[in-house]
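In: predicted model follows, preceded by the sequence.
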Amino acid sequence: MLLRYRYAPGQTVAYAFRERIVSASATARTTTALLTFSQRLRVTRVSATGVATAVVSESPHTLTTTSGGHRSVVTQPGQPPSAMALYPDGRSSVRAARPTAGGGAVSAPVFPARPVSPGDRWSRSAVFTLGGFTVRPLVIPDTERLTFIWYGVIDGERVAEVTIAVRVQRPGMAPPGGARPTARVLVTSSTTSTLSIGLASGDQVRVVQDRTTMVRAMTGARSAAHGVLSTLTTHTEINRI
């Protein structure tokens, strides 16, 4: 089976993001932060070759922080709407609402160019972004490994189950001029995603469900002189709603 996405004008997809961040050390109170928001993607048009143009928008971001028994809630606007190109093989590119010359970078394809069947495996290049981790390098290239598990049924519809997994473990250093310029850290990231892909006519498919769980941890010495260890762990869930 040649797996390919199929899009239709007016189609909408929404995801719920939930990220829990825990910061702890031997010399400071444990702080827990919970970030929640939703993201909606709406297809505006589809070309003759199946490439879709979509608009991505976000709800306000709510950040709940708890430390030493004190709780605070802050709400901020989400990212402004952006235009996205979606390709049948799973590639995508994002541009700002006012695109600049050259457009945005195109991600690697999700599906291989060849037909696949249950049990087949393939890989694609990926970029591991440290995000809130104050270390360098901030972006690390890596590889995602995909597996066509088997067929299933969701809400009466036959689906193909595809998993995406990547695990990264890299040493890093705090950037010069930062709060902890002597810090040496070890960053570990484990991400697992499951695509439940509805099988339509022939080799065309569409996403029925999409869920991702990502755990990242950073451990390092805050100071070479004092040798104080600190940890920062994030747990991120992305679910289609």
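Out: Yep, it's here.
In: and residue 113, how many neighbours?
Out: Residues lying near residue 113 (other CB atoms under 10 Å) number 8. C-beta here means a position set from N, CA and C on the backbone, and glycine is covered the same way.
In: and it, what's its pLDDT?
Out: What the model reports for residue 113 is a pLDDT of 90.
In: how much space separates the residue nearest to it when sequence neighbours are not counted from residue 112?
Out: Leaving aside its chain neighbours, residue 113 sits nearest to residue 89 (7.5 Å; criterion: CB to CB, 6 or more residues apart in numbering). Distance, residue 89 to residue 112, using CB to CB, to the nearest Å: 8 Å.
In: picking up where we left off before, could you look up the SS state of the residue nearest to residue 113?
Out: coil (DSSP: H, G, I helix; E, B strand; the rest coil).
In: hmm, residue 106 and it touching each other?
Out: No. Residue 89 is not in contact with residue 106 according to CB atoms under 8 Å; the separation is 10.7 Å.
In: count the residues that sit near the residue nearest to residue 113.
Out: Using other CB under 10 Å: residue 89 sits among 15 other residues.
In: quick one: strands adjacent to the longest strand belonging to the chain?
Out: As assigned by DSSP state E, the longest strand anywhere in the chain is strand 28-46. Strand pairing for strand 28-46, determined by DSSP bridges: strand 12-25 (antiparallel), strand 52-58 (antiparallel), strand 61-67 (antiparallel).
In: report the distance from it to the chain centre.
Out: 10 Å (CA atoms, centre = their mean, to the nearest Å).
In: hey, C-alpha coordinates of it in PDB?
Out: Extracted C-alpha coordinates of strand 28-46, given in PDB (Å, rounded to 0.1, in the frame of the first residue of the first chain):
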ATOM      1  CA  ALA A  28      15.800  25.300  45.500                       C
ATOM      2  CA  ARG A  29      12.100  24.600  45.800                       C
ATOM      3  CA  THR A  30      10.600  22.300  43.200                       C
ATOM      4  CA  THR A  31       8.600  24.200  40.700                       C
ATOM      5  CA  THR A  32       5.900  22.700  38.500                       C
ATOM      6  CA  ALA A  33       4.500  24.500  35.400                       C
ATOM      7  CA  LEU A  34       1.600  23.300  33.200                       C
ATOM      8  CA  LEU A  35       1.100  24.800  29.800                       C
ATOM      9  CA  THR A  36      -2.100  24.100  27.900                       C
ATOM     10  CA  PHE A  37      -3.500  25.400  24.500                       C
ATOM     11  CA  SER A  38      -5.100  24.100  21.400                       C
ATOM     12  CA  GLN A  39      -4.200  24.400  17.700                       C
ATOM     13  CA  ARG A  40      -6.600  24.300  14.700                       C
ATOM     14  CA  LEU A  41      -5.700  23.600  11.100                       C
ATOM     15  CA  ARG A  42      -8.200  24.500   8.400                       C
ATOM     16  CA  VAL A  43      -7.600  23.500   4.700                       C
ATOM     17  CA  THR A  44      -8.500  26.400   2.400                       C
ATOM     18  CA  ARG A  45      -7.700  24.900  -1.000                       C
ATOM     19  CA  VAL A  46      -6.100  21.800  -2.600                       C
END
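In: quick one: contacts of that strand?
Out: Applying CB atoms under 8 Å, 6 or more residues apart in numbering, the contact partners of strand 28-46 are 7-24, 52-68, 78, 84, 86, 230, 241.
In: just stretch 110-128 next, same as before
Out: 1-4, 89-91, 108-109, 139-151, 164, 166, 168, 170, 189, 195, 203.
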